[in-house]
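Trainee: Sequence isn't available, so here's the structure alone:
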């Protein structure tokens, strides 16, 4: 069964990103919301951990933090709340790495 | 799809309640059912009607109340967490000898069983917190 | 009428510094009445919740650690503790409470509730659940 892994904390504040990535399996997706969007910045060390994974980031949270989409790591998809809902429905369950 | 949403943090302190609100709103716009929004831990503080946020900022509490009224949402505040943090309705005031109530419109206080029931009856549980 | 779901309560925080550990346990206790297939996972700082010898007198807080030993009576028999989290924190199983349950299918024999699992094993367990609770 597939999981949508929901990340909300900055990867520089907690080790949640490491834990989350360790738990991800084929067919799972990761969604970065709130302060976790910083993980998607290609200039930051954290983005290296996203390689090879299905990662989306919430557009409104990027914009709030002044992160242009051109600053994102390759392969990261920018989505809105409606697609967030779609992802939560598409995967079998949601794991919030608080 | 039927969703139960859990909100673990209070208004303003964390973005959790905001994120949950926009998720719920988007789910409703897409025609999904929100079975219940369950407020736990400091999340119960979303249910006080006594907040006076600055005029130029969003009103987290009334925004929930309005969404609940528009869509007939079931906003449930956990009774044990509410007792700890002082969110009171008429029943709780009488039971616990409080001289005031502060619950916001659209919210009701009930037991943790409502969260568990939500998880059983819904297709998805989505948790917003710290 | 409703099917039985596989519930996983995920515990990742230490006790006392925040209320999440205790209030999470309260959900497990209330939830027991709903007779779902319940498992608990302790990883990251959550493993600290299960340590022996918690004495909260000096901090004036309620010591809720005895509640873990009652979980068996609430038919919680699957308590997964993640090996890597223990090791990272310099803990061994000896530092944890010995949690047990009585197996009604085996003449009420007392059995260990704690199952030590690797992160990879826990990821597989999580993949097989229907619902995860996080606090």
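Mentor: Good, I have the coordinates. Because the structure is a prediction, the values reported are computed rather than measured.
Trainee: now the helices: where do they sit in chain A?
Mentor: In chain A, the helices defined using DSSP state H lie at A:16-23, A:59-64, A:81-90.
Trainee: Out of those, which is closest to residue C:107?
Mentor: Of all those, helix A:16-23 sits nearest to residue C:107, with 37.5 Å by C-beta to C-beta. From N, CA and C alone the C-beta is placed, and that goes for glycine too.
Trainee: Count the neighbours of residue C:123 for me.
Mentor: Using other C-beta atoms under 10 Å in any protein chain shown, the number of residues around residue C:123 comes to 17.
Trainee: does it sit in a helix, a strand or a coil?
Mentor: Of the three states, residue C:123 takes helix under DSSP: H, G, I helix; E, B strand; the rest coil.
Trainee: and the closest residue in space to it that isn't next to it in sequence, what does it touch?
Mentor: In space, and not counting its chain neighbours, residue C:123 is closest to residue A:23: 4.5 Å by C-beta to C-beta, 6 or more residues apart in numbering or on different chains. Contacts of residue A:23 were listed using C-beta atoms under 8 Å, 6 or more residues apart in numbering or on different chains, and they are A:3, A:5, A:95, C:119, C:122, C:123, C:126.
Trainee: Check residue A:51 too.
Mentor: By C-beta under 8 Å, 6+ apart, the contact list for residue A:51 is empty.
Trainee: Spatially central, which residue of chain A would that be?
Mentor: Centroid-nearest residue in chain A: residue A:32, 2.7 Å away (criterion: C-alpha atoms, centre = their mean).
Trainee: re earlier: pipe the helices of chain A into JSON lines and attach mean pLDDT per row.
Mentor: Shown next, in JSON lines, are those (pLDDT from 0 to 100):
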{"stretch": "helix A:16-23", "mean pLDDT": "98"}
{"stretch": "helix A:59-64", "mean pLDDT": "98"}
{"stretch": "helix A:81-90", "mean pLDDT": "98"}
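Trainee: Of all those, which one is nearest residue C:26?
Mentor: helix A:16-23 (23.7 Å).
Trainee: Give the buried residues for that closest one.
Mentor: Using 16 or more other C-beta atoms under 10 Å in any protein chain shown as the test for burial, helix A:16-23 gives A:16, A:17, A:19, A:20, A:21, A:23.
Trainee: quick one, strands of chain A?
Mentor: A:3-7, A:29-32, A:55-58, A:77-79, A:93-97 (DSSP state E).
Trainee: now do chain C
Mentor: Assigned strands in chain C, in chain order: C:6-11, C:37-42, C:78-82, C:100-103, C:109-112, C:114-117, C:131-134 (criterion: DSSP E).
Trainee: Could I get the ones you listed in TSV, plus columns for distance to residue C:29, mean neighbour count and mean pLDDT?
Mentor: Formatted as TSV, those follow (distance: least, C-beta to C-beta, whole Å; neighbours: other C-beta atoms under 10 Å in any protein chain shown; pLDDT from 0 to 100):
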stretch	distance to residue C:29	mean neighbour count	mean pLDDT
strand C:6-11	11	23	98
strand C:37-42	11	22	98
strand C:78-82	14	22	98
strand C:100-103	15	16	96
strand C:109-112	20	12	96
strand C:114-117	18	16	98
strand C:131-134	13	22	98
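Trainee: Tabulate those strands in CSV, adding columns for distance to chain A.
Mentor: Below are the strands of chain C laid out as CSV (distance: least, C-beta to the nearest C-beta, whole Å):
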stretch, distance to chain A
strand C:6-11, 7
strand C:37-42, 10
strand C:78-82, 10
strand C:100-103, 26
strand C:109-112, 24
strand C:114-117, 12
strand C:131-134, 5
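Trainee: Could you say which one of these comes nearest to residue B:98?
Mentor: It's strand C:131-134; of the strands of chain C, that one is closest to residue B:98 (C-beta to C-beta) at 30.0 Å.
Trainee: what lines up beside that closest one in the sheet?
Mentor: Take DSSP bridges as the rule and strand C:131-134 pairs in its sheet with strand C:6-11 (parallel).
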